[in-house]
Structure formats: structure tokens, C-alpha cells
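K.L.:
Quick one, structure for this:
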Amino acid sequence: MPKGAKPIGCKARLVAKGFTHKSNIDYFDTFVLVTRISSIQVLLALAVIHKLVIHQMVVKIAFLNGELEEEIYMTQLEGCVVPGQKNKVCKLLKSLYGLKQTPKQWHEKLDSVLLCDGFSPNDADKCVFSKFENGECVIICLYVDDMLIFGTCIDIVSRTKLFLGSKFEMKDMGETNMILGVRIIRKRDSILLSREQYTEKLLRKFEYYDFKPMSTPYDANNKLIKNRGESVSQPHYAQIIRSLLHLMSFSRLDIAYAVGRLSRYTQCPF
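P.N.:
Got it, this is the predicted structure:
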């Protein structure tokens, strides 16, 4: 590298060898909680009805914030071995990427921080937290390390941002315009959810982009039967159905009936 030049895009990350861990010894629960898509849809609907402010924040290196409950040890890093103590190992006090319990520990850490600040978890969705104070309301919706913050006014949203920033390293995304690949277009009395880029990507990927569009996705008079003729690639068909289910679940409910009917034949495409 030339003198004075700086490396571009180089990152050093310490990752644990989670594949060597043994169940019920090195880890117990390995789940990661994410909010339901239906919860986001409901909150967006409430935002329209009650004219809520919607902002977004991202937690940087979220999984490093969790505190371990189990005793986990790792060998000293190559090139960083303490002289005269090469036979010793390191005891981990906090989570690392690669550990099987890291996602769970991150959620428990965030849960404890929010509860101490007066937030209450939702009974139906443990990734939705709400707090009421002085007639104002703020709601936090969590998807791993991505947070949507709904508030009745900008002041309570700003205070929530300051609080979160004091506990974790955060990136403030400002007013929300994109979440989970869905563009959020806020108009005067409505919110429009758009997946135009994702839809175009699917059409190009499966080579249907140049097909003629139809106003009705499926004719209910058509009778579908199992394929008994020329073989059709089952993995390819199943991949298309999965992609359509993902598209349908968030913003394209109009194709729900058609996708539901077609998904019955993933074992033997017609």
C-alpha cells in the first residue's frame, strides 16, 4: 500500500466459534425476537388515525450489548497472546457475534433498559414497547436492531432518542421513509406502502418483467390440478411462491387469494 494511503472498507471483527458450543452447557435459548409485520401495519394505521410522528433509529453493533449468563471461554487471539501466558484463555463477560445466545441476550438487555425507563412491553408482541407520560405517548417497535419510534409529538420522540443514545451507540435515521425494504410515503391523511423496487427485482429475477400486466391476478373460474405431464422445476416454483408470500404479507394483499391457491401445488407444480 502506498505511503499515506488508508484502507477502504476494512473492518476488524472478533467473532466467536459458536459452532463448537454444546447445547445446555454453553447455551440454552437461541431465539431472536422480531416484531410481526402485522404489528408494523397496525402501528402505521394508528399513526394515520392519530397523526403520530414516526422516526427511525438503528442500533450499531447491537449484539455486542448483551450480557452473558453462561460461562464462556475463548482462546487468545492469534498475534495478541500475552507473553508468558499462552496457555490461558479469555472469559467473556459480554456477547460476541457468533455466539448462539447472542440475539436473545441483546433483546433481554434492551428489554431491561426500556423497562427501567417506564416502558411496558405489549402482551401480543414482545417487540413493541409503549410509555405514557403527561398525556403524551411514545411507542418503540423493534426488528432486531432496527427501531421505529412512534410519538404523539416530536418532543417525546426526541427525548426517547436521547435516552436510547445514552444507553447504546445509535444511528439516527430521522423521519421514517423506509423499513424492511418497504418505502413509506406519508401523505396528508394517509400512508402509502410501496415495494416497487422489490417487485421489479422479482420480475427480472424470474424473467417475467416483459410480460403483459393484468388487472386481476387470478381468475377464480380456473380450476387448478396437479401436474401429470411435463416436469416442472419444484425448487424454482417454490422459490417464486416464497417470494410472492413475502411480497403479499406486507403490502400486496390483493394477490393473497392467488398466491394461496398456487401455494397448494408446491410439491407438484401444475
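K.L.:
Show me how far the helix or strand where Gly174 lies is from its chain's centre.
P.N.:
With elements taken from DSSP states H and E, the one containing Gly174 is strand 170-175. Its chain's average C-alpha position is 16 Å from that of strand 170-175, according to Cα atoms, centre = their mean, to the nearest Å.
K.L.:
who does it pair up with?
P.N.:
strand 53-59 (antiparallel) (DSSP bridges).
K.L.:
State the distance from the residue minimising distance to the centre of the chain to Thr102.
P.N.:
Averaging the C-alpha coordinates of the chain gives a centre point, and the residue nearest to it by Cα atoms, centre = their mean is Tyr143 (4.1 Å). Separation of Tyr143 from Thr102 (Cβ to Cβ, to the nearest Å) stands at 16 Å. All C-beta atoms are positioned from the backbone trio N, CA, C, and that covers glycine.
K.L.:
report the longest helix in this protein, please.
P.N.:
Across the chain, the helix with the greatest residue count (assigned by DSSP state H) is helix 234-250.
K.L.:
so what does it touch, helix or strand wise?
P.N.:
Counting contacts by 3 or more Cβ pairs under 8 Å, 6 or more residues apart in numbering; DSSP states H and E, helix 234-250 is packed against helix 37-50, helix 196-205, helix 256-262.
K.L.:
host element of the nearest residue to Met178 once chain neighbours are set aside?
P.N.:
With Cβ to Cβ, 6 or more residues apart in numbering as the measure, Ile184 is the residue that lies nearest to Met178, at 6.6 Å, once sequence neighbours are left out. Secondary structure here is read from DSSP H and E; on that basis Ile184 sits in strand 182-186.
K.L.:
strands paired with that strand, and their directions?
P.N.:
Each strand pairing with strand 182-186, determined using DSSP bridges, is listed with its direction: strand 178-179 (antiparallel), strand 191-194 (antiparallel).
K.L.:
where does Pro2 land on pLDDT?
P.N.:
With respect to pLDDT, Pro2 scores 47.
K.L.:
Make TSV out of the strands paired with strand 182-186 and add mean neighbour count and mean pLDDT.
P.N.:
Shown next, in TSV, are these (neighbours: other Cβ atoms under 10 Å; pLDDT from 0 to 100):
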stretch	mean neighbour count	mean pLDDT
strand 178-179	16	82
strand 191-194	13	82
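K.L.:
In the chain, where is pLDDT below threshold?
P.N.:
By pLDDT under 70, the weakly predicted segments of the chain are 1-12, 18-21, 23-31, 227-232, 268-270.
K.L.:
Domain ranges for it, per the record?
P.N.:
Per the record's domain assignment (automatic domain parsing), the chain is made up of the domains 18-180, 195-265.
K.L.:
what's the most buried one of these?
P.N.:
Across the domains of the chain, averaging neighbours per residue (mean count of other Cβ atoms under 10 Å) puts domain 18-180 on top, at a mean of 16.
K.L.:
ok, now how distant is the residue of the chain most remote from its centre from Gln76?
P.N.:
Taking Cα atoms, centre = their mean, the residue of the chain most remote from its mean C-alpha position is Gly84, at 44.6 Å. Counting by Cβ to Cβ, the gap from Gly84 to Gln76 is 12 Å.
K.L.:
hang on, the earlier thing: dump the strands paired with strand 182-186 into CSV; add distance to Asp172 as well.
P.N.:
Conversion of these to CSV gives the following (distance: least, Cβ to Cβ, whole Å):
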stretch, distance to Asp172
strand 178-179, 14
strand 191-194, 21
